[in-house]
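Student: take a look and give me a structure for this.
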Amino acid sequence: MGTYIVRRLLIAIPVFFGITMLVFLFVALAPGDAASAYTRPEFSANPAALEEVRRRFGLDQPLPIRYIRWLINVAQGDLGYRAVGGQPIINEVFRALQASLLLTGTALIIGIFVGIPLGVLSAVRQYSRTDFFLTGLTFLGVSFPSFLLGLGGLYLVGLKLKLVPIAGMTTPGKPFDPVDLFRHLALPAAILGFGYAAIFMRYTRASMLEVIHSDYITTARSKGLRGRAVIMRHAFRNALIPIITIIGLSIPEVVGAAVVTEQVFTWPGVGLLMVQGINQRDYFTIMGVTIVLALVVLIVNLATDIAYAFADPRIRYS
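Tutor: Residues are numbered from 1 along each chain as shown. Here you go, the predicted model:
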(Lines give C-alpha, C1' and ligand atoms only; values in the text may rest on other atoms or scores of the structure.)
Protein backbone atom coordinates (compact mmCIF):
# COMPACT_ATOMS: atom_id res chain seq x y z
CA MET A 1 0.00 0.00 0.00
CA GLY A 2 2.78 2.42 0.90
CA THR A 3 4.55 1.79 -2.41
CA TYR A 4 1.31 2.39 -4.29
CA ILE A 5 0.68 5.69 -2.51
CA VAL A 6 4.21 6.90 -3.26
CA ARG A 7 3.82 5.87 -6.91
CA ARG A 8 0.50 7.70 -7.19
CA LEU A 9 2.02 10.82 -5.63
CA LEU A 10 4.88 10.69 -8.13
CA ILE A 11 2.36 10.37 -10.97
CA ALA A 12 0.37 13.30 -9.58
CA ILE A 13 3.36 15.65 -9.81
CA PRO A 14 3.54 15.80 -13.65
CA VAL A 15 -0.27 15.85 -13.79
CA PHE A 16 -0.28 18.89 -11.52
CA PHE A 17 2.35 20.63 -13.65
CA GLY A 18 0.30 19.85 -16.76
CA ILE A 19 -2.74 21.43 -15.13
CA THR A 20 -0.75 24.56 -14.23
CA MET A 21 0.45 24.88 -17.83
CA LEU A 22 -3.04 24.53 -19.27
CA VAL A 23 -4.56 26.96 -16.77
CA PHE A 24 -1.86 29.56 -17.38
CA LEU A 25 -2.16 29.17 -21.16
CA PHE A 26 -5.96 29.44 -21.21
CA VAL A 27 -5.93 32.50 -18.96
CA ALA A 28 -3.14 34.15 -20.98
CA LEU A 29 -5.04 33.58 -24.25
CA ALA A 30 -8.37 34.78 -22.85
CA PRO A 31 -9.74 37.95 -24.45
CA GLY A 32 -9.19 41.24 -22.64
CA ASP A 33 -6.23 43.00 -21.13
CA ALA A 34 -5.13 41.70 -17.72
CA ALA A 35 -3.41 45.04 -17.02
CA SER A 36 -6.72 46.92 -17.16
CA ALA A 37 -7.99 44.99 -14.11
CA TYR A 38 -5.10 46.39 -12.05
CA THR A 39 -5.49 49.95 -13.34
CA ARG A 40 -7.78 52.57 -11.83
CA PRO A 41 -10.78 53.29 -14.11
CA GLU A 42 -9.71 56.86 -14.84
CA PHE A 43 -6.32 55.59 -16.12
CA SER A 44 -7.55 52.49 -17.99
CA ALA A 45 -7.57 54.37 -21.30
CA ASN A 46 -4.05 55.71 -20.76
CA PRO A 47 -1.53 53.59 -22.75
CA ALA A 48 1.36 54.75 -20.56
CA ALA A 49 -0.43 53.69 -17.37
CA LEU A 50 -1.31 50.30 -18.85
CA GLU A 51 2.28 49.79 -20.00
CA GLU A 52 3.56 50.58 -16.49
CA VAL A 53 1.20 47.99 -15.00
CA ARG A 54 2.33 45.40 -17.56
CA ARG A 55 5.95 46.05 -16.68
CA ARG A 56 5.28 45.89 -12.93
CA PHE A 57 3.48 42.52 -13.14
CA GLY A 58 5.77 41.11 -15.84
CA LEU A 59 2.99 41.01 -18.43
CA ASP A 60 5.37 42.43 -21.04
CA GLN A 61 7.55 39.31 -20.85
CA PRO A 62 7.26 36.31 -23.22
CA LEU A 63 4.71 33.70 -22.18
CA PRO A 64 7.24 30.99 -21.13
CA ILE A 65 9.11 33.48 -18.91
CA ARG A 66 5.84 34.61 -17.34
CA TYR A 67 4.84 30.98 -16.67
CA ILE A 68 8.16 30.13 -15.02
CA ARG A 69 8.06 33.25 -12.83
CA TRP A 70 4.46 32.51 -11.84
CA LEU A 71 5.29 28.85 -11.09
CA ILE A 72 8.23 29.87 -8.89
CA ASN A 73 5.94 32.21 -6.96
CA VAL A 74 3.33 29.46 -6.59
CA ALA A 75 5.97 27.08 -5.22
CA GLN A 76 6.76 29.72 -2.59
CA GLY A 77 3.08 30.08 -1.66
CA ASP A 78 2.65 33.39 -3.47
CA LEU A 79 -0.40 33.40 -5.74
CA GLY A 80 -0.36 37.15 -6.22
CA TYR A 81 -2.79 39.83 -5.09
CA ARG A 82 -6.40 40.53 -5.96
CA ALA A 83 -7.05 43.27 -8.47
CA VAL A 84 -9.83 44.76 -6.31
CA GLY A 85 -8.78 45.29 -2.70
CA GLY A 86 -5.20 44.06 -3.05
CA GLN A 87 -5.60 41.15 -0.59
CA PRO A 88 -3.19 38.20 -0.95
CA ILE A 89 -4.91 35.65 -3.15
CA ILE A 90 -3.68 32.67 -1.13
CA ASN A 91 -5.46 34.01 1.97
CA GLU A 92 -8.64 34.70 0.00
CA VAL A 93 -8.59 31.26 -1.63
CA PHE A 94 -8.13 29.34 1.61
CA ARG A 95 -10.77 31.42 3.36
CA ALA A 96 -13.18 30.69 0.51
CA LEU A 97 -12.09 27.04 0.43
CA GLN A 98 -13.04 26.61 4.08
CA ALA A 99 -16.51 27.97 3.35
CA SER A 100 -16.89 25.73 0.28
CA LEU A 101 -15.68 22.63 2.14
CA LEU A 102 -18.24 23.32 4.85
CA LEU A 103 -21.04 23.61 2.30
CA THR A 104 -20.01 20.76 0.00
CA GLY A 105 -18.95 18.51 2.89
CA THR A 106 -22.35 18.93 4.55
CA ALA A 107 -24.09 18.29 1.23
CA LEU A 108 -22.06 15.12 0.67
CA ILE A 109 -22.81 13.88 4.18
CA ILE A 110 -26.51 14.43 3.52
CA GLY A 111 -26.22 12.65 0.17
CA ILE A 112 -24.33 9.68 1.62
CA PHE A 113 -26.38 9.13 4.78
CA VAL A 114 -29.70 9.65 2.99
CA GLY A 115 -29.06 8.29 -0.48
CA ILE A 116 -27.16 5.08 0.30
CA PRO A 117 -29.58 3.66 2.93
CA LEU A 118 -32.55 4.53 0.73
CA GLY A 119 -30.81 2.88 -2.23
CA VAL A 120 -30.33 -0.31 -0.21
CA LEU A 121 -33.97 -0.20 0.89
CA SER A 122 -35.13 0.33 -2.70
CA ALA A 123 -33.09 -2.65 -3.92
CA VAL A 124 -34.26 -4.96 -1.12
CA ARG A 125 -37.89 -4.06 -1.84
CA GLN A 126 -37.60 -4.16 -5.61
CA TYR A 127 -40.83 -3.43 -7.52
CA SER A 128 -42.71 -2.55 -4.33
CA ARG A 129 -44.51 0.75 -3.75
CA THR A 130 -41.54 1.91 -1.71
CA ASP A 131 -39.23 1.15 -4.62
CA PHE A 132 -41.44 3.03 -7.11
CA PHE A 133 -41.71 6.03 -4.78
CA LEU A 134 -37.96 6.20 -4.14
CA THR A 135 -37.22 5.74 -7.85
CA GLY A 136 -39.51 8.66 -8.60
CA LEU A 137 -37.64 10.80 -6.07
CA THR A 138 -34.38 9.73 -7.71
CA PHE A 139 -35.49 10.88 -11.16
CA LEU A 140 -36.74 14.15 -9.67
CA GLY A 141 -33.46 14.83 -7.87
CA VAL A 142 -31.29 13.93 -10.87
CA SER A 143 -33.28 15.95 -13.41
CA PHE A 144 -34.09 19.07 -11.37
CA PRO A 145 -31.51 21.88 -11.83
CA SER A 146 -29.87 22.97 -8.57
CA PHE A 147 -30.25 26.67 -9.36
CA LEU A 148 -34.00 26.23 -9.85
CA LEU A 149 -34.27 24.39 -6.53
CA GLY A 150 -32.20 27.16 -4.95
CA LEU A 151 -34.42 29.94 -6.25
CA GLY A 152 -37.55 28.02 -5.24
CA GLY A 153 -36.13 27.36 -1.77
CA LEU A 154 -35.18 31.02 -1.37
CA TYR A 155 -38.66 32.16 -2.29
CA LEU A 156 -40.64 29.60 -0.29
CA VAL A 157 -38.50 28.84 2.76
CA GLY A 158 -36.58 32.11 2.99
CA LEU A 159 -38.96 34.84 1.87
CA LYS A 160 -42.43 33.40 2.45
CA LEU A 161 -41.97 31.20 5.52
CA LYS A 162 -38.89 33.11 6.81
CA LEU A 163 -37.47 29.95 8.37
CA VAL A 164 -33.85 30.55 7.34
CA PRO A 165 -31.73 33.51 6.16
CA ILE A 166 -31.60 33.96 2.40
CA ALA A 167 -28.00 35.08 1.85
CA GLY A 168 -24.49 34.93 3.25
CA MET A 169 -22.73 32.63 5.68
CA THR A 170 -23.41 34.60 8.87
CA THR A 171 -25.55 37.56 9.87
CA PRO A 172 -23.59 40.82 9.28
CA GLY A 173 -22.85 42.85 12.40
CA LYS A 174 -23.36 39.96 14.81
CA PRO A 175 -20.67 37.93 16.60
CA PHE A 176 -20.05 34.41 15.38
CA ASP A 177 -22.74 32.00 16.51
CA PRO A 178 -22.82 28.29 15.51
CA VAL A 179 -26.64 28.36 15.48
CA ASP A 180 -26.61 31.35 13.13
CA LEU A 181 -24.08 29.56 10.88
CA PHE A 182 -26.26 26.43 10.82
CA ARG A 183 -29.35 28.47 9.84
CA HIS A 184 -27.45 29.99 6.91
CA LEU A 185 -26.02 26.59 5.93
CA ALA A 186 -29.20 24.53 6.17
CA LEU A 187 -30.95 25.52 2.93
CA PRO A 188 -28.03 25.53 0.43
CA ALA A 189 -26.61 22.31 1.91
CA ALA A 190 -30.02 20.62 1.77
CA ILE A 191 -30.51 21.62 -1.87
CA LEU A 192 -27.07 20.36 -2.90
CA GLY A 193 -27.49 17.26 -0.73
CA PHE A 194 -30.87 16.40 -2.29
CA GLY A 195 -29.36 16.15 -5.75
CA TYR A 196 -26.49 13.96 -4.60
CA ALA A 197 -28.72 11.81 -2.40
CA ALA A 198 -30.68 11.02 -5.57
CA ILE A 199 -27.49 10.10 -7.46
CA PHE A 200 -26.15 7.91 -4.65
CA MET A 201 -29.56 6.27 -4.22
CA ARG A 202 -29.71 5.40 -7.90
CA TYR A 203 -26.22 3.85 -8.06
CA THR A 204 -26.61 2.06 -4.72
CA ARG A 205 -29.85 0.45 -5.89
CA ALA A 206 -28.26 -0.69 -9.16
CA SER A 207 -25.15 -2.02 -7.43
CA MET A 208 -27.15 -3.85 -4.76
CA LEU A 209 -29.43 -5.47 -7.34
CA GLU A 210 -26.38 -6.93 -9.10
CA VAL A 211 -25.17 -8.45 -5.83
CA ILE A 212 -28.29 -9.70 -4.01
CA HIS A 213 -29.16 -12.11 -6.83
CA SER A 214 -25.69 -13.69 -6.77
CA ASP A 215 -25.14 -17.34 -5.86
CA TYR A 216 -23.18 -16.62 -2.67
CA ILE A 217 -26.05 -14.50 -1.34
CA THR A 218 -28.44 -17.41 -1.99
CA THR A 219 -25.99 -19.72 -0.22
CA ALA A 220 -25.75 -17.39 2.78
CA ARG A 221 -29.53 -17.32 3.08
CA SER A 222 -29.77 -21.11 2.74
CA LYS A 223 -27.42 -21.45 5.73
CA GLY A 224 -30.00 -19.68 7.88
CA LEU A 225 -28.36 -16.25 8.20
CA ARG A 226 -30.73 -13.47 9.07
CA GLY A 227 -31.82 -11.17 6.26
CA ARG A 228 -30.16 -8.07 7.76
CA ALA A 229 -26.85 -9.91 8.21
CA VAL A 230 -26.94 -11.16 4.62
CA ILE A 231 -27.69 -7.68 3.26
CA MET A 232 -25.21 -5.67 5.34
CA ARG A 233 -22.35 -8.15 5.86
CA HIS A 234 -22.30 -9.82 2.45
CA ALA A 235 -24.32 -7.91 -0.15
CA PHE A 236 -23.62 -4.29 0.83
CA ARG A 237 -19.87 -4.72 1.29
CA ASN A 238 -19.51 -6.33 -2.13
CA ALA A 239 -21.59 -3.54 -3.66
CA LEU A 240 -19.36 -0.82 -2.18
CA ILE A 241 -16.84 -0.49 -5.04
CA PRO A 242 -19.23 1.22 -7.53
CA ILE A 243 -20.62 3.34 -4.68
CA ILE A 244 -17.14 4.52 -3.65
CA THR A 245 -16.38 5.27 -7.29
CA ILE A 246 -19.43 7.47 -7.77
CA ILE A 247 -18.78 9.28 -4.48
CA GLY A 248 -15.19 9.97 -5.55
CA LEU A 249 -16.32 11.19 -8.97
CA SER A 250 -19.03 13.33 -7.39
CA ILE A 251 -16.71 15.39 -5.20
CA PRO A 252 -15.31 17.49 -8.08
CA GLU A 253 -18.84 17.79 -9.46
CA VAL A 254 -20.07 19.03 -6.08
CA VAL A 255 -17.55 21.87 -6.35
CA GLY A 256 -18.95 22.74 -9.79
CA ALA A 257 -22.53 22.59 -8.57
CA ALA A 258 -21.56 24.72 -5.57
CA VAL A 259 -20.54 27.52 -7.95
CA VAL A 260 -24.19 27.95 -8.91
CA THR A 261 -25.48 27.46 -5.37
CA GLU A 262 -22.95 29.92 -3.93
CA GLN A 263 -24.08 32.49 -6.46
CA VAL A 264 -27.74 32.01 -5.58
CA PHE A 265 -27.17 32.15 -1.81
CA THR A 266 -24.17 34.55 -1.87
CA TRP A 267 -22.16 31.91 -0.03
CA PRO A 268 -18.53 33.14 0.24
CA GLY A 269 -16.87 30.05 -1.22
CA VAL A 270 -14.47 29.36 -4.07
CA GLY A 271 -17.31 29.36 -6.59
CA LEU A 272 -18.30 32.91 -5.70
CA LEU A 273 -14.62 33.94 -5.62
CA MET A 274 -14.07 32.45 -9.08
CA VAL A 275 -17.09 34.28 -10.53
CA GLN A 276 -15.89 37.53 -8.97
CA GLY A 277 -12.45 37.00 -10.50
CA ILE A 278 -13.98 36.39 -13.94
CA ASN A 279 -16.22 39.46 -13.71
CA GLN A 280 -13.28 41.61 -12.61
CA ARG A 281 -10.89 40.04 -15.16
CA ASP A 282 -8.67 39.20 -12.20
CA TYR A 283 -6.59 36.49 -13.83
CA PHE A 284 -4.37 35.84 -10.82
CA THR A 285 -7.45 35.02 -8.73
CA ILE A 286 -8.78 32.71 -11.45
CA MET A 287 -5.48 30.84 -11.62
CA GLY A 288 -5.16 30.64 -7.84
CA VAL A 289 -8.63 29.15 -7.38
CA THR A 290 -8.13 26.68 -10.23
CA ILE A 291 -4.78 25.45 -8.90
CA VAL A 292 -6.14 24.88 -5.39
CA LEU A 293 -9.18 23.01 -6.77
CA ALA A 294 -6.88 20.87 -8.94
CA LEU A 295 -4.95 19.85 -5.82
CA VAL A 296 -8.20 18.94 -4.07
CA VAL A 297 -9.28 16.76 -7.02
CA LEU A 298 -5.91 14.95 -7.13
CA ILE A 299 -6.09 14.25 -3.38
CA VAL A 300 -9.68 13.00 -3.66
CA ASN A 301 -8.75 10.63 -6.51
CA LEU A 302 -5.92 9.17 -4.42
CA ALA A 303 -8.19 8.79 -1.39
CA THR A 304 -10.80 7.02 -3.56
CA ASP A 305 -8.26 4.46 -4.79
CA ILE A 306 -7.07 3.81 -1.24
CA ALA A 307 -10.67 3.35 -0.08
CA TYR A 308 -11.07 0.49 -2.60
CA ALA A 309 -8.60 -1.65 -0.67
CA PHE A 310 -10.41 -1.08 2.63
CA ALA A 311 -13.80 -1.84 1.07
CA ASP A 312 -12.68 -5.01 -0.73
CA PRO A 313 -9.83 -7.08 0.82
CA ARG A 314 -9.32 -8.82 -2.53
CA ILE A 315 -7.82 -5.60 -3.93
CA ARG A 316 -4.09 -5.40 -3.34
CA TYR A 317 -1.86 -2.61 -4.62
CA SER A 318 1.41 -4.40 -5.24
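Student: would you mark the buried spots in stretch 125-141?
Tutor: Residues of stretch 125-141 classed as buried under the neighbour-count rule (16 or more other Cβ atoms under 10 Å) are 131, 134-135, 137-138, 141. To be clear about C-beta, it is placed using only N, CA and C from the backbone, and glycine gets the same treatment.
Student: scratch that, stretch 79-88
Tutor: Using 16+ other Cβ under 10 Å as the test for burial, stretch 79-88 gives 79-83.
Student: mind listing the helices for the stretch 51-200 of the chain?
Tutor: Under the criterion DSSP state H, counting those that start in this stretch, the stretch 51-200 of the chain contains helices at 63-75, 89-110, 116-124, 129-143, 146-153, 178-212.
Student: out of these, nearest to A167?
Tutor: For A167, the closest of the helices of the stretch 51-200 of the chain is helix 178-212, at 8.2 Å, according to Cβ to Cβ.
Student: got the angle for the closest one vs helix 129-143?
Tutor: Interaxial angle of helix 178-212 relative to helix 129-143 (axes from the mean of the first three to the mean of the last three Cα atoms, to 10 degrees): 120 degrees.
Student: and the angle from the next helix-or-strand element following helix 178-212 to helix 178-212?
Tutor: Next along the chain after helix 178-212, taking DSSP states H and E as the criterion, comes helix 215-222. For helix 215-222 against helix 178-212, the angle by the same axes, to 10 degrees is 100 degrees.
Student: quick one on the thing from earlier: for the buried residues of stretch 125-141, which one is nearest V297?
Tutor: Of all these, V297 sits closest to G141, with 23.6 Å by Cβ to Cβ.
Student: the closest one touches A198, doesn't it?
Tutor: Yes. Contact between G141 and A198 holds when scored by Cβ atoms under 8 Å: they sit 2.6 Å apart.
Student: include pLDDT and distance to V53 when you put the buried residues of stretch 79-88 into CSV, please.
Tutor: Shown next, in CSV, are the buried residues of stretch 79-88 (pLDDT from 0 to 100; distance: Cβ to Cβ, whole Å):
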residue, pLDDT, distance to V53
L79, 83, 18
G80, 81, 13
Y81, 80, 13
R82, 81, 15
A83, 71, 10
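Student: and which of those is nearest V300?
Tutor: L79 (21.0 Å).
Student: what separates that closest one from F17, distance-wise?
Tutor: From L79 across to F17, the span is 16 Å (Cβ to Cβ, to the nearest Å).
Student: no more questions from me, cheers.
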